[in-house]
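Engineer: this is a predicted model, with the sequence first.
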Amino acid sequence: MMARSPKRLSSLIKRLVLVLALINSVYGNSKKFKESPPGEQWSDDCPTHENSEFPDSVRVKIHIVHTNPGNTKSQDVRNRSLSPWDYRINEDPNRFPYAIAEASCRYTACVDGTGRGLNYGLSSVPIQQEILVLKRKQAGCQQTYWLEKQLVTVGCTCTFPTTSTYRRKNAGNYKDLTRTSHGLKQ
């Protein structure tokens with residue numbers, strides 16, 4: 001085999017790249033993309049997307065895949081929490097999902113470090129999350145559907161109580177009262 005000089009090898013590589021580029025441009029199935037916002041790519045095959053807006057109505061198949069049955073660890077957390085909660089099922093036949101589990105704090109105060117009493121220096125407050133639900137309304141024979149936001153309590157947590165100081169006149173004297181999330185204190 002004959003040794004090739006670096007100059008001749010470089011020339012050969014350039015010709016090979018040129019031939020491959022020419023073959024790709026003639027036989028290749030390349031697509032050009034229009035200028036679009038970052039993360040969005042529209043090909044020339046798509047209809048125009050200028051001033052594209054979401055349609056007023058869409059057809060949606062409501063079939064949830066990969067649903068996992070209730071996790072037993074979440075049951076354990078709600079009972080081990082310093083701000084334990086219970087669940088109740090909120091059902092609405094004109095909503096999808098039909099049933100939503102909502103948390104309800106067991107106490108207004110938090111469980112103390114021993115787990116046997118309550119610490120009234122702390123407040124148990126709900127944690128809420130806004131979700132989208134599909135609502136339905138029957139008008140004669142016609143059904144109307146729309147998306148609606150719903151606030152759902154998903155758990156509870158311990159916080160320092162909120163306080164406000166009030167002055168109350170009692171027999172000509174003023175007393176400072178502090179309103180906490182647990183009630184009034186002097």
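Structural biologist: Yes, it's here. Nothing here was measured: the structure is a model prediction, and the numbers come from that model.

Engineer: in this protein, what spans have low per-residue confidence?
Structural biologist: Applying pLDDT under 70 to the chain flags residues 1-12, 17-54, 65-75, 164-186.

Engineer: please enumerate the helices of it.
Structural biologist: 6-27, 72-80 (DSSP state H).

Engineer: and the longest strand for the chain?
Structural biologist: strand 118-139 (DSSP state E).

Engineer: direction included, what does it pair against?
Structural biologist: On the basis of DSSP bridges, the sheet neighbours of strand 118-139 come out as strand 95-96 (antiparallel), strand 109-111 (antiparallel), strand 142-159 (antiparallel).

Engineer: which parts of it are buried?
Structural biologist: By 16 or more other C-beta atoms under 10 Å, the buried positions in strand 118-139 come out as 118-120, 122-126, 133. Bear in mind the C-beta positions are built from the backbone N, C-alpha and C, glycine included.

Engineer: output it as PDB, nothing but the C-alphas.
Structural biologist: Coordinates of the C-alpha atoms in strand 118-139 are reproduced here as PDB (Å, rounded to 0.1, in the frame of the first residue of the first chain):
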ATOM      1  CA  LEU A 118     -50.800  19.800  71.200                       C
ATOM      2  CA  ASN A 119     -48.500  22.800  70.900                       C
ATOM      3  CA  TYR A 120     -50.700  25.800  70.900                       C
ATOM      4  CA  GLY A 121     -47.800  28.000  70.100                       C
ATOM      5  CA  LEU A 122     -48.000  26.700  66.500                       C
ATOM      6  CA  SER A 123     -50.900  26.700  64.000                       C
ATOM      7  CA  SER A 124     -52.000  23.900  61.800                       C
ATOM      8  CA  VAL A 125     -52.900  25.400  58.400                       C
ATOM      9  CA  PRO A 126     -54.100  23.900  55.100                       C
ATOM     10  CA  ILE A 127     -51.900  23.600  52.000                       C
ATOM     11  CA  GLN A 128     -53.900  24.500  49.000                       C
ATOM     12  CA  GLN A 129     -53.300  23.800  45.300                       C
ATOM     13  CA  GLU A 130     -55.200  25.200  42.300                       C
ATOM     14  CA  ILE A 131     -56.200  22.500  39.800                       C
ATOM     15  CA  LEU A 132     -58.000  22.500  36.500                       C
ATOM     16  CA  VAL A 133     -61.200  20.500  36.200                       C
ATOM     17  CA  LEU A 134     -63.600  19.900  33.300                       C
ATOM     18  CA  LYS A 135     -67.100  21.100  34.100                       C
ATOM     19  CA  ARG A 136     -70.400  20.200  32.400                       C
ATOM     20  CA  LYS A 137     -73.800  21.900  32.200                       C
ATOM     21  CA  GLN A 138     -77.000  20.500  30.800                       C
ATOM     22  CA  ALA A 139     -79.200  22.900  28.900                       C
END
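
Engineer: so what's the nearest residue to Glu91 once chain neighbours are set aside up against?
Structural biologist: Excluding the flanking residues, the one nearest Glu91 by C-beta to C-beta, 6 or more residues apart in numbering is Ala99, at 5.0 Å. Contacts for Ala99 (C-beta atoms under 8 Å, 6 or more residues apart in numbering) come out as 89-91.
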